[in-house]
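> coordinates only, sequence not included:
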């Protein structure tokens, strides 16, 4: 899209990206989308309704959530003075529907297909777009090392040996499948032939195969995810992802996530604790 090494619109692309390790040991979370407040329209609403309203909220999500809550009772300029106090009352009273107006888009990498099978079970308030194994050649796919095997060099070595066998088998099977499809359907376009071959060969790829997923969720949905998947009882890999998302969203919205805490559990791994449960 942009010339190599040039910046446009705040986006920077490296001319020559560094080589990637075939094995991944942790997730990465990129906050790629957040809301903004349209000040002119808020001002027009206040003027039309003869209202006065100011807020010390700095994050757009915090401000929009406060506006949504105050709209329910037309309490602009009344009651709690700070944005944090106002949203704390929302949390303690479990007025959770108000939180659905604050939305973030996260791009998540370094996670396994096993993790995303659990992630996409969170339906309400979420939208997903995930890397396609039908269209993307997984010959050089990366694989997520299970946290347990990261603690044992011996187990990791045995695991990597199996992964390398599967990597080789996928390449050979995809190539043989492409040849077969070409012979059976010589009229088929190369792109479609590759898709047919990959959609069949992907059947042997393990759950550890690394994937990328774009997730859009509102703050109520994110809070539920953090409470469920940041728990010490959750699968370790998705728990580590929940910790990274909690850290990112607490920076994004100090008021909405003010009661979300990242702490060290007895198992020496970080976890997420939500004071106001099931808001």
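Everything's here; your move. All values reported here derive from a predicted model rather than from experimental measurement. Residues are numbered from 1 along each chain as shown.

> Tell me how far stretch 43-58 lies from the chain's centre.
33 Å (CA atoms, centre = their mean, to the nearest Å).

> buried set for it?
Of all the residues in stretch 43-58, those buried under the rule 16 or more other CB atoms under 10 Å are 46, 53, 55, 57. For every residue, glycine as well, the C-beta is placed using N, CA and C.

> What is the most widely separated pair among those residues?
Across the buried residues of stretch 43-58, the longest distance by CB to CB is 15.4 Å; it joins 46 and 57.

> where's stretch 48-62 relative to the chain centroid, distance-wise?
Taking mean C-alpha positions (CA atoms, centre = their mean), stretch 48-62 and its chain are 29 Å apart.

> Show residues contacting that stretch.
34-37, 45-46, 63, 66-67, 70, 74, 76-77, 82-84, 87, 102-104, 219, 252-256 (CB atoms under 8 Å, 6 or more residues apart in numbering).

> Among these, which lie within strands?
Cross-referencing those against strands under DSSP state E gives 34, 103-104.

> Going by neighbour count, which of these are buried?
So, by 16+ other CB under 10 Å, the buried ones in the ones in strands among the contacts of stretch 48-62 are 103-104.

> got the ones in strands among the contacts of stretch 48-62 as a markdown table, with distance to residue 205 and pLDDT columns?
Putting the ones in strands among the contacts of stretch 48-62 into a markdown table (distance: CB to CB, whole Å; pLDDT from 0 to 100) gives the following:
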| residue | distance to residue 205 | pLDDT |
| --- | --- | --- |
| 34 | 34 | 97 |
| 103 | 32 | 98 |
| 104 | 30 | 98 |
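
> Serialize the ones in strands among the contacts of stretch 48-62 to CSV and add fields for distance to residue 214.
What follows is these, written out as CSV (distance: CB to CB, whole Å):
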residue, distance to residue 214
34, 14
103, 13
104, 11
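
> ok, back up a step: which of the contacts of stretch 48-62 are buried? Put it as a PyMOL command.
Those of those that count as buried under 16+ other CB under 10 Å are selected in PyMOL with:
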select buried, resi 35+37+46+63+66+67+70+76+83+84+87+102+103+104+219+252+253+254+255+256
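
> Helices of the chain, residue ranges please.
39-48, 60-73, 83-92, 113-119, 147-150, 153-184, 190-201, 219-229, 236-252 (DSSP state H).

> how far is the third one from where the chain is centred?
Its chain's average C-alpha position is 25 Å from that of helix 83-92, according to CA atoms, centre = their mean.

> cool, the last one as well?
Once both centres are worked out by CA atoms, centre = their mean, helix 236-252 turns out to sit 9 Å from its chain's centre.

> can I see the domain layout of this structure?
35-100, 103-130+210-274, 149-206 (automatic domain parsing).

> So for residue 21, which of the ones you listed sits nearest?
Using CB to CB, these put domain 103-130+210-274 closest to residue 21, at 10.5 Å.

> Ends of that closest one, what's the gap?
One end of domain 103-130+210-274 to the other measures 19 Å (CA to CA, to the nearest Å).

> now stretch 48-56
22 Å.

> Also stretch 251-260?
11 Å.

> before we move on, what about stretch 93-101?
17 Å.

> For it, buried residues please.
In stretch 93-101, counting by 16+ other CB under 10 Å, buried: 96, 98-101.

> again with stretch 99-119
99-106, 108, 110-116, 118-119.

> swap in stretch 239-254?
In stretch 239-254, counting by 16+ other CB under 10 Å, buried: 239-250, 252-254.

> Out of the residues you listed, the closest to residue 187 would be?
Looking across these and measuring by CB to CB, the closest to residue 187 is residue 241, at 44.6 Å.

> dump the residue contacts of the closest residue in space to that closest one that isn't next to it in sequence.
Leaving aside its chain neighbours, residue 241 sits nearest to residue 27 (4.5 Å; criterion: CB to CB, 6 or more residues apart in numbering). By CB under 8 Å, 6+ apart, the residues touching residue 27 are 108-111, 115, 237, 240-241, 244.

> mind putting the residues you listed in a markdown table, pLDDT and distance to residue 151 included?
A markdown table is the format used below for the contacts of residue 27 (pLDDT from 0 to 100; distance: CB to CB, whole Å):
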| residue | pLDDT | distance to residue 151 |
| --- | --- | --- |
| 108 | 98 | 23 |
| 109 | 98 | 23 |
| 110 | 98 | 18 |
| 111 | 98 | 19 |
| 115 | 98 | 18 |
| 237 | 98 | 13 |
| 240 | 98 | 13 |
| 241 | 98 | 18 |
| 244 | 98 | 19 |
